[in-house]
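Participant: Need the 3D shape of this:
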Amino acid sequence: MRRRLAESLAILLSVASLGAGAASGPSSLEAAKVTPPPVMHDAMTTGGHNSTKRPKSKAYQVGTASWYGEQFEGKQTASGEPFEMRDFTAAHPTLPLGSLVKVTNLKNGKAVVVRINDRGPFVDDRIIDVSYNAARALGFKERGVQRVRLDLFQPTPQTVALLQPVAKLN
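Facilitator: Residues are numbered from 1 along each chain as shown. I've put the predicted structure just below:
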């Protein structure tokens, strides 16, 4: 089920990036003053520099991110679901569980969208703990910590359906 959620989120991001370029007027993301991710280079990652000039929006939060992985695999998160290090999820101290957040690595420009499903980090100088796969996609898995920018991500109503769990057959 988590794999389907990750696949659905990947499709959502691809559709959102294509739709942003095709729209003739401002999208609902622009109206909400949230910058959509640049062109996708991988299913869940964005990278490099965005060639389209967009007005800079104010970041929700800027600070240090860390990641957590195998030692927490299968343990219950604050949302009640088991932790899956290969999902694009994160722990944040105050954002509502289920929130979608675009995390941008300020060193290399790579970005991913994660779903908040846990609480933390519990280290004073950190603002978010991302899953192993999110850290890998952001390019800081080996480093352990990285300075990041957080932006709230608001999917369009048309793409929200892609985030809904897909019923299993059988």
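Participant: Check which helix or strand the nearest residue to Pro82 once chain neighbours are set aside maps to.
Facilitator: In space, and not counting its chain neighbours, Pro82 is closest to Gly74: 5.0 Å by CB to CB, 6 or more residues apart in numbering. Bear in mind the C-beta positions are built from the backbone N, C-alpha and C, glycine included. Using DSSP states H and E, Gly74 falls within no helix or strand.
Participant: Count the residues that sit near Gly74.
Facilitator: Neighbouring residues of Gly74 were enumerated by other CB atoms under 10 Å; the total is 9.
Participant: Helices of the protein, start to end?
Facilitator: Taking DSSP state H, the helices of the chain run over residues 2-22, 28-31, 132-138, 157-163.
Participant: Go through the ones you listed and find the least confident stretch.
Facilitator: Lowest mean pLDDT within the helices of the chain: helix 28-31, a mean of 35.
Participant: which residues does the residue nearest to Pro93 when sequence neighbours are not counted contact?
Facilitator: The spatially closest residue to Pro93, leaving aside those adjacent along the chain, is Arg119, at 6.3 Å (CB to CB, 6+ apart). Taking CB atoms under 8 Å, 6 or more residues apart in numbering, we find Arg119 in contact with Ala78, Ala91, His92, Pro93.
Participant: Check the residues you listed for burial and list the buried ones.
Facilitator: Neighbour-count burial (16 or more other CB atoms under 10 Å) applied to the contacts of Arg119 gives Ala91, His92.
Participant: want to throw the contacts of Arg119 into TSV with pLDDT?
Facilitator: As requested, the contacts of Arg119 are exported to TSV (pLDDT from 0 to 100):
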residue	pLDDT
Ala78	97
Ala91	98
His92	98
Pro93	97
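Participant: Now do the contacts for the residue lying closest to Thr64 once chain neighbours are set aside.
Facilitator: Computed as CB to CB, 6+ apart, the closest residue to Thr64 that is not its neighbour in sequence is Arg126, at 5.0 Å. Contacts for Arg126 (CB under 8 Å, 6+ apart) come out as Gly63, Thr64, Ala65, Ser66, Val145.
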